[in-house]
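**Student:** output the structure for:
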Amino acid sequence: MPALECLVAEGKTRKIAVDEDGYLLNMNEWDECVAQSLAEREGMPQLTAEKIDILKFIRDYYKKYDFFPILGAVCKWVKKPKDCMIEEFTVPLMAWKLAGLPHPEEPIISLLEAGQSPG
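**Tutor:** As a prediction, this is how the structure comes out:
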């Protein structure tokens, strides 16, 4: 099983289980360290506070509604410009993965890769 390593203290890491595409197997293991490790694995530079705010909102929304939020609503709720998702993550699917959400089904992947909201 693939694993993601997250640095928790100098010289100490913890392993987080991910699937073959790099999605967390247990979304409850997510924290900012895990998000940064996922981002690095995807070739994304350091996560900014703005990106972390977006990821936290996406996670909270998903936990409450069991669904990814409408893209325009994300930016509104985190008080960012209306295109913040595209500016911060290029494709919303990256935000889904970095937020530690479960591996989405193919129809959701296609929508998010196209920059559209599911639903």
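
**Student:** where is the longest helix in the protein?
**Tutor:** helix 49-65 (DSSP state H).

**Student:** buried ones in that one?
**Tutor:** 51, 53-55, 57-59, 61-62 (16 or more other C-beta atoms under 10 Å). Quick note: C-beta positions are derived from backbone N, CA and C, even for glycine.

**Student:** for residue 114, grab the count of nearby residues.
**Tutor:** Around residue 114 sit 10 other residues, with neighbours defined as other C-beta atoms under 10 Å.

**Student:** where does pLDDT dip in this structure?
**Tutor:** 1, 7-10, 119 (pLDDT under 70).

**Student:** okay, helices next: where are they in it?
**Tutor:** Counting by DSSP H, the helices of the chain are 32-41, 49-65, 71-77, 84-89, 92-98, 106-113.

**Student:** centre of the chain to stretch 61-70, how far?
**Tutor:** Chain-centre distance of stretch 61-70: 12 Å, with C-alpha atoms, centre = their mean, to the nearest Å.

**Student:** same deal with stretch 6-26?
**Tutor:** 14 Å.
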